[in-house]
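> Next one to model:
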Amino acid sequence: MASSQPRPKRAGESFARTHDEQEDPQGPSDTKKPRFDLRNPSALAPDAPEEDAVLDADEIGRRGQQVRRKAINLDGYDSDSDNEGFSARMEEKSKQSRAKDDADDDDMFAELEEDFGEEEIDADEAMHKNKKSVRFLRDDEIEGQVSSSKGGKALHADLTKGPDEIDIEEDDSGDDSEVAEEERAQVDNEMDEELGAGAKKKHAPLLDAFNMSTEQEEGRFDEAGNYVRKAIDPDAVHDSWLAGVSKKDIRKAKEAAEKRDTERKEKDRMDDSVLTSDALKTIIQHLDRGETILEALARLGKGSQRKPKWQNKKKNKKNSVQEDTEMTEENPDEAKRKAAIDNITGAADILMGREQPEIYDTERELLTRQYRTETGEDWVDPPEDGQATEGPAMWEYRWSDARDGGDAHGPYDSAMMHSWRAAGYFGDGVEFRRVGDTGPWSATVDFM
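Next up, the predicted model:
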């Protein structure tokens with residue numbers, strides 16, 4: 001009795017569908033016979049799957065290919081028929097061998113057949129005889145193609161002008177996949193029927209490429225002009241996550257990725273313009289004696305013990321409704337504390353990118369030694385007066401032409417601003433002002 005467990009999926013069947021019986025070391029050739037799918041003989045065999053460890057580990061995409069639960073195992077039931085088929089094949093081979101031996105005997109009418117030629121065969125026999133000699137056309141054998149032609153675009157032409165003045169413009173916005181083909185082909189009442197939907201300025205019908213490149217990817221053409229499609233790609237299950245994603249969404253994601261890449265490159269350029277001594281100076285002036293960067297960030301991260309007030313409850317005697325008010329303005333000391341954290345982390349990240357991975361665990365004294373090595377001068381602590389408790393001077397800048405909406409950027413310490421100016425980042429059209437100052441912006445400021 002056969003087992004009730006479902007038989008596992010056989011890898012040999014998938015391998016036989018996608019590989020030749022004998023591998024050709026010189027690659028595919030035109031004389032090799034075409035391979036058809038074992039499951040669907042009317043379709044070509046799929047291309048050989050690419051070896052990709054990531055796709056092979058994709059269990060979610062292969063979920064639909066697994067054996068279903070409570071499936072019936074049919075192994076063993078076809079053993080008798082297989083044996084019968086083997087006997088029939090052996091008997092057929094023996095008959096063919098005897099017929100071949102009989103044909104080798106001398107034929108008295110052989111000379112007559114040579115004189116009058118071979119007997120004509122009908123179309124069915126010819127098709128059966130040439131069934132295995134199918135040859136597919138190459139790309140260069142298909143006539144009437146334009147290799148440089150590309151589809152998916154709409155063309156606009158003003159036909160009211162003369163033949164020498166007609167301007168043809170390509171519309172890249174026609175690549176919007178959310179617009180259906182029926183809507184593109186629809187002609188409005190106000191449009192000229194002779195011009196048709198091609199005269200539409202928006203959502204015009206898309207043109208197809210004047211070549212068979214797309215068709216050649218999905219199938220092949222034989223010598224008789226018949227088109228034979230390829231079988232389903234076994235790796236198509238890994239692209240199921242793209243279902244429902246339009247070209248417009250892909251274009252937006254690409255633009256967002258390019259914007260992030262541009263911002264990252266700009267930030268890297270600004271970080272490269274900062275000297276190592278300036279980054280060390282920014283860190284040292286925020287550290288206490290014997291303190292590391294991690295300890296300083298922990299100290300500054302505690303902040304003030306006073307919690308900000310999010311709401312002031314007011315009772316309305318008429319409707320008894322409590323309304324939340326806006327949060328009070330941020331404390332200037334809190335703003336300076338956050339700015340100090342940003343400056344420390346920014347300078348530490350710059351030094352970490354310059355082969356100093358242990359910068360966050362480095363003590364202040366070691367940083368002062370490195371500062372002396374970089375500049376040749378000893379580190380001098382700023383004077384401890386009434387202004388020292390307020391921390392170093394912080395600056396902010398903005399573009400005078402309001403190219404980014406007139407927003408102020410900052411705060412940054414004096415060393416950072418001085419290094420950016422020395423690197424030529426600001427140029428003309430930049431205004432500066434000290435943080436907390438309500439006076440006018442100035443284009444000439446001494447940061448040191």
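
> Could I get the contacting residues of residue 411?
Residue 411 makes contact with 335, 336, 339, 394, 395, 396, 435, according to C-beta atoms under 8 Å, 6 or more residues apart in numbering. For every residue, glycine as well, the C-beta is placed using N, CA and C.

> And it, how far from residue 240?
49 Å (C-beta to C-beta, to the nearest Å).

> Kindly report the same for residue 338.
45 Å.

> Which residue of the two possesses the greater neighbour count?
residue 338 (15 against 12; other C-beta atoms under 10 Å).

> What helix or strand is that one located in?
Assessed by DSSP states H and E, residue 338 sits inside helix 332-352.

> ok but residue 397 is inside a helix, no?
No - under DSSP: H, G, I helix; E, B strand; the rest coil, residue 397 falls outside any helix and is assigned strand.

> List the contacts of the residue nearest to it when sequence neighbours are not counted.
Leaving out its chain neighbours, the residue that sits closest to residue 397 by C-beta to C-beta, 6 or more residues apart in numbering is residue 432, at 5.0 Å. Residues counted as contacts of residue 432 (C-beta under 8 Å, 6+ apart) are 395, 396, 397, 417, 441, 442, 443, 445.

> Give me the next element, helix or strand, following the helix or strand containing residue 417.
Per DSSP H and E: residue 417 is located in helix 414-422. Per DSSP H and E, the first helix or strand lying C-terminal to helix 414-422 is strand 430-434.

> now the angle between helix 414-422 and that next one, please.
When axes from the mean of the first three to the mean of the last three C-alpha atoms, to 10 degrees is applied, the directions of strand 430-434 and helix 414-422 differ by 170 degrees.

> just the CA coordinates of strand 430-434, formatted as PDB?
Output in PDB follows, covering the C-alpha atoms of strand 430-434 (Å, rounded to 0.1, in the frame of the first residue of the first chain):
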ATOM      1  CA  VAL A 430      25.500  84.200   3.300                       C
ATOM      2  CA  GLU A 431      24.500  86.100   6.500                       C
ATOM      3  CA  PHE A 432      25.500  85.200  10.100                       C
ATOM      4  CA  ARG A 433      24.200  85.900  13.600                       C
ATOM      5  CA  ARG A 434      25.000  84.800  17.100                       C
END
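
> mind checking how far residue 369 is from residue 282?
In terms of C-beta to C-beta, residue 369 sits 17 Å off from residue 282.

> which of these two has more neighbours?
With neighbours defined as other C-beta under 10 Å, residue 369 and residue 282 compare such that residue 282 has more, 25 against 12.

> So what touches the host helix or strand of the more buried one?
Assigned by DSSP H and E, residue 282 belongs to helix 276-284. For helix 276-284, the surrounding residues in contact (C-beta under 8 Å, 6+ apart) are 293, 343-344, 346-348, 350-351, 354, 364, 367-368, 370-371, 374-375, 379, 413, 415-416, 418-419.

> Buried ones only from these, please, as a PyMOL command.
Buried members of these, defined by 16 or more other C-beta atoms under 10 Å, are picked up in PyMOL with:
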select buried, resi 293+343+344+346+347+348+350+351+364+367+368+370+371+379+413+415+416+418+419
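
> if we can go back for a sec, just the mean pLDDT for the helix holding residue 417, thanks.
Here helix 414-422 scores 81 as its mean pLDDT.

> who's in contact with it?
The contact list for helix 414-422 (C-beta under 8 Å, 6+ apart) reads 270, 273-275, 278, 281-282, 343, 346-347, 392-393, 395, 397, 412, 426, 432, 447-448.

> go again using 10 Å as the cut-off
Under the criterion C-beta atoms under 10 Å, 6 or more residues apart in numbering, residues 270, 273-275, 277-283, 285, 343, 346-347, 350, 392-397, 410-412, 425-427, 430, 432, 434, 445-448 lie in contact with helix 414-422.

> which parts of whatever helix or strand residue 266 lives in are buried?
Here residue 266 is covered by helix 247-272, with elements defined by DSSP H and E. For helix 247-272, burial by neighbour count (16+ other C-beta under 10 Å) applies to residue 270.

> and if you look at stretch 394-413?
394, 395, 396, 397, 398, 399, 410, 411, 412, 413.

> and it, how far apart are its ends?
Using C-alpha to C-alpha, to the nearest Å, the end-to-end distance of stretch 394-413 comes to 5 Å.
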